[in-house]
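Student: mind folding the following:
(2 chains)
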Amino acid sequence: MADPTPVADAAASHGGGLPQFDLSQWPGQIVWLLMTFLFLYLMFSRVFVPNIGETISEREDRIAGDIAKARRLKDEAEAQAKAAAEEMHAARDRAQKLAADAKAEAKSNAAKQRAEEAGRLAKGFADAEARIAAARDSAMQHVHSIAVETAGAMISKLTGAPASAAEIDAALSRAAPAGQA
Amino acid sequence: MAAIEPMEQFMIQKIVNIPSFTIPGVGVVDMSITNSVFFMLLTAGLITAFFLACAKRQLVPDRMQAMAEMIYGMVDNTLTGGIIGDRGRPYLPFVFSLFMMIAMMNILGLMPGGFTVTSQLAVTATLAVMTFALVLVVGFAKNGLGFFKLFWPSGMHPAMSAFLMVIEMISFLIRPFTLALRLFGNMLGGHVVVYIFGSFVVGLGLFGLSGFGLNTLGLLGSGLSFAMVLALTALDFIIALIQAFVFSALTCVYLNEVLNLDHGH
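Tutor: Here you go, the predicted structure:
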């Protein structure tokens, strides 16, 4: 396919094979390559690797530290929440006790007052009953004397002769014993 | 029709002349800045610029910083940390710079007008020998002569172990070659295949335009070749990163063997 002459020329120009096998080109490349690699190696070992490695480890430390801090804060918050809940519980218990005490006191006060009131009322009733009984007794006395007078007046009007008080009293006592009229 | 020279893209061309020097017993070292050297320097410059731009050390990273940290995390967790473990941490800069350098060289080679430094055997061989030398140095420094336990398979007849030790040593010694050739071959092959399909696009296209009839089929072939170029270029981007990863991962595997020799393997 190709014109044979240039190939032959080219082959002749670099010793009839790959240009890579031209050993006269080796020493210069080797020396330059070693210098280049030495430069790169020094850059990597002195600058790049420590630099990047430290950056990565600093970041990892920071992240680990942040996570530990967050965990600690979370624990603290949980402990505080627990303490607050306990306090709340205790306060509620106290309030319930207080309310129960107040209720009991109010109840006992009310009962005492009611008892006093009832006593006072009972006393009032008793007094009133006594007064009523006294009034009735005195009224009954008056009824007896009125009956005696009425009976004396009626007898004197009917018979024209007054009856003695003792006789009328005896007769009344037979008809209606005192206190029952 | 233009000459098809798939290897021309790997030719070293001088850009700036710098006087060469001679190492006695080795030969002339031409220090001129060539296209290969230029792309090495560009690689180093881009990587440095990228990581300097990302070096903001913010608690909440922005996109650039997050990207740099992601690459760091990949190398740290998957390569040195994942393969070697805690003992691999001191080698993180080495593996990291190796990975970044190879990846950047591979990617730059795929850019239009780019030169693939990693398609130069001199370069991949140097990286491979460097890695191999590091493994040897670390191996002897950490284990002393106990390093040779690496080749001694335990739990079988000593004669069998002795026989396997030879095989283990051979497989150990060919590591620099396999490391170098794997990267070199992948880069070379990828670029050659893209070049050849690219030349089909032009060649068949011109053939198709040269006349009617059967010639027109050439346009179809040209279109198919173009689709192949697209697909292969996408594949080459994946390979560029995978090969950088494979090279660094194997470096870690080899380091792991000598670093955790006492743990058994």
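Student: go through chain A and flag its longest helix.
Tutor: Scanning chain A for the longest helix, with DSSP state H as the assignment, gives helix A:49-159.
Student: what helix or strand is the closest residue to chain A within chain B on?
Tutor: As assessed by CB to the nearest CB, chain A sits closest to B:P93 within chain B, at 3.6 Å. Backbone N, C-alpha and C define where each C-beta goes, glycine included. In this assignment (DSSP states H and E), B:P93 forms part of helix B:92-110.
Student: quick one, that helix and helix A:49-159 angle?
Tutor: 110 degrees (axes from the mean of the first three to the mean of the last three CA atoms, to 10 degrees).
Student: ok, then the element right after helix B:92-110?
Tutor: Helix B:92-110 is succeeded, C-terminally, by helix B:121-143 (DSSP H and E).
Student: can you mark which positions in that next one are buried?
Tutor: B:121-128, B:130-132, B:134-135, B:138-139, B:143 (16 or more other CB atoms under 10 Å in any protein chain shown).
Student: who's in contact with it?
Tutor: A:18, A:20-21, A:25-26, A:29-30, A:33-34, A:37, B:36, B:40, B:91, B:94, B:98, B:102, B:105, B:117-118, B:147, B:149-150, B:175-177, B:179-181, B:183-184, B:187, B:247, B:251, B:254-255, B:257-259, B:261-262 (CB atoms under 8 Å, 6 or more residues apart in numbering or on different chains).
Student: please redo it, this time with the cut-off set to 7 Å
Tutor: A:20-21, A:25-26, A:29-30, A:33-34, B:94, B:98, B:117-118, B:147, B:175-176, B:179-180, B:183-184, B:251, B:254-255, B:258-259, B:261 (CB atoms under 7 Å, 6 or more residues apart in numbering or on different chains).
Student: stretch B:186-205 too?
Tutor: A:1, B:1, B:4, B:6, B:9, B:106, B:109, B:116, B:118-119, B:218-219, B:221-222, B:225-226, B:228-229, B:232-233, B:236, B:239, B:243.
Student: which residues are in contact with residue 37?
Tutor: Went with chain A since none was named. Per CB under 7 Å, 6+ apart, neighbours of A:F37: B:S97, B:M101.
Student: try chain B instead
Tutor: A:G28, A:Q29, A:W32.
Student: burial of the nearest residue to the first one once chain neighbours are set aside, as a residue count?
Tutor: Distances taken as CB to CB, 6 or more residues apart in numbering or on different chains put B:D30 closest to A:G28, at 4.3 Å, once the chain neighbours are dropped. Using other CB atoms under 10 Å in any protein chain shown as the criterion, B:D30 is surrounded by 21 other residues.
Student: show me the contacts for B:D30.
Tutor: B:D30 touches A:P27, A:G28, B:S20, counting by CB under 7 Å, 6+ apart.
Student: any buried residues in the strand or helix carrying the second one, and which?
Tutor: Mapping A:G28 onto the secondary structure by DSSP H and E places it in helix A:26-43. When neighbours are counted by 16+ other CB under 10 Å, the buried residues of helix A:26-43 are found to be A:26-33, A:36-37, A:39-41, A:43.
Student: quick check: the two most widely separated of those?
Tutor: A:W26 and A:M43 (25.6 Å; CB to CB).
Student: just the closest residue of chain A to chain B, please.
Tutor: The nearest approach of chain A to chain B comes at A:S45, 3.6 Å away (CB to the nearest CB).
Student: how near is the residue nearest to B:S210 when sequence neighbours are not counted to B:L232?
Tutor: Closest residue to B:S210 apart from its sequence neighbours, by CB to CB, 6+ apart: B:G218 at 7.9 Å. For B:G218, the distance to B:L232 (CB to CB, to the nearest Å) stands at 20 Å.
Student: repeat for A:A130
Tutor: 137 Å.
Student: who has more neighbours, the two?
Tutor: B:L232 (18 against 10).
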